[in-house]
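K.L.:
How does the following fold in three dimensions:
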Amino acid sequence: MDFDKEKLLKIVNKLNDKDSYLFKLRSGLIDNKVHTLTEISLLLNISQDELCEELRRIERFVLSEYHKNP
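P.N.:
Residues are numbered from 1 along each chain as shown. All right, here's what the predicted structure looks like:
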């Protein structure tokens, strides 16, 4: 599925700094590289389980906001 990057960034910018950073790392919006869960968990010193929970929560929010305003 292709997303409108501009629209996606507007939504991501509504997030707090930590959530925005996590989402951008995982989706490649920072350096055009999709970072693995292992990379992110090591970078931020959090468990992969905790990271997965956070990313699921963030992704649910971003997707719900994205589909609210077509």
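K.L.:
How is Leu63 assigned, secondary-structure-wise?
P.N.:
Three-state assignment for Leu63 (DSSP: H, G, I helix; E, B strand; the rest coil): helix.
K.L.:
residues contacting it?
P.N.:
Not one residue lies near Leu63 by Cβ atoms under 8 Å, 6 or more residues apart in numbering. Every residue, glycine included, has its C-beta placed from N, CA and C.
K.L.:
So for it, what's the pLDDT?
P.N.:
Reported pLDDT at Leu63 in the predicted model: 92.
K.L.:
can you tell me which residue is nearest the centre of the protein?
P.N.:
Phe23 (1.5 Å; Cα atoms, centre = their mean).
K.L.:
so that one touches Leu55, yeah?
P.N.:
Yes - using Cβ atoms under 8 Å, Phe23 is in contact with Leu55, at 7.4 Å.
K.L.:
picking up where we left off before, could you report the pLDDT at the residue nearest to the centre of the chain?
P.N.:
Note for Phe23: predicted pLDDT of 95.
K.L.:
That one: what secondary structure?
P.N.:
helix.
K.L.:
Could you list the buried residues of stretch 9-25?
P.N.:
Neighbour-count burial for stretch 9-25, counted by 16 or more other Cβ atoms under 10 Å, picks out 11-12, 15, 19-25.
K.L.:
tell me the contacts of the closest residue in space to Phe3 that isn't next to it in sequence?
P.N.:
With sequence-adjacent residues excluded and distances taken as Cβ to Cβ, 6 or more residues apart in numbering, Phe3 is closest to Tyr66, at 6.9 Å. Tyr66 is in contact with 3, 7-8, 11, counting by Cβ under 8 Å, 6+ apart.
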